[in-house]
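>>> Compute the structure for the input listed below.
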Amino acid sequence: QVQLGESGGGSAQAGGSLRLSCTASIYIAYMYDMSWYRQAPGKEREFVSVIDSVGLTSYIDSVKGRFIISRDNSKNTLYLQMNNLKPEDTAMYYCKIRRREGRDLNEYWGQGTQVTVSS
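Next up, the predicted model:
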């Protein structure tokens, strides 16, 4: 059973920074990829960023240049460094991993951590 636990959310003022962490119950080095998503009130969950098994990254346009995704395999932890935060970054942030299990590519989600940015 794969378990993910997010932390690091909270409140920040516009222009501030937060770092989110997502710790997995399994060894993450060989995960297919690891991602961050977010969901604002009344909106659909949206992709934020992804890092694959070799370290390649991708970001939604609205966070490029402000957010940095990274991973520490020795700690089984995924990070999202969020800089120059904006009120529109306010959302519940979720981590997701995808893992090959036989011929299947299965995904697992964390419970989320709330980020609130005030202007």
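>>> ok, how many other residues are close to the nearest residue to residue 52 once chain neighbours are set aside?
The spatial neighbour of residue 52 that comes closest, neighbours along the chain excluded (CB to CB, 6 or more residues apart in numbering), is residue 33 at 4.3 Å. In this view, the C-beta of every residue, glycine as well, is placed from N, C-alpha and C. Taking other CB atoms under 10 Å as the neighbour definition, residue 33 ends up with a count of 19.
>>> ditto for residue 102
By other CB under 10 Å, the residues close to residue 102 number 6.
>>> So for it, what's the pLDDT?
Each residue has a pLDDT score; the one for residue 102 is 92.
>>> Start at 697, not 1
All set: I'll call the first residue 697, so the last point we hit is now residue 798.
>>> quick one, phi psi at it?
With angles defined as degrees, to the nearest 10, residue 798 sits at phi 70, psi -130.
>>> and if you look at residue 757?
Comment: the main-chain dihedrals of residue 757 come out as phi -60, psi -40, following degrees, to the nearest 10.
>>> unless I'm mixing things up, the residue nearest to residue 748 is touching residue 794, no?
Yes. Under the criterion of CB atoms under 8 Å, residue 729 lies in contact with residue 794, with a separation of 5.4 Å.
>>> Pull the longest strand seen in the chain out as PDB, backbone CA atoms only.
With DSSP state E applied, the strand covering the greatest number of residues in the chain is identified as strand 787-797. Output for strand 787-797, consisting of C-alpha atoms alone and laid out as PDB, is shown next (Å, rounded to 0.1, in the frame of the first residue of the first chain):
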ATOM      1  CA  ALA A 787      -5.600  26.200  -3.400                       C
ATOM      2  CA  MET A 788      -5.300  22.700  -1.800                       C
ATOM      3  CA  TYR A 789      -2.100  21.200  -3.200                       C
ATOM      4  CA  TYR A 790      -1.900  17.400  -3.800                       C
ATOM      5  CA  CYS A 791       1.100  15.200  -4.700                       C
ATOM      6  CA  LYS A 792       0.700  12.200  -7.000                       C
ATOM      7  CA  ILE A 793       3.000   9.400  -7.900                       C
ATOM      8  CA  ARG A 794       2.700   7.000 -10.800                       C
ATOM      9  CA  ARG A 795       4.300   3.600 -10.500                       C
ATOM     10  CA  ARG A 796       4.700   0.700 -12.900                       C
ATOM     11  CA  GLU A 797       3.100  -2.400 -11.400                       C
END
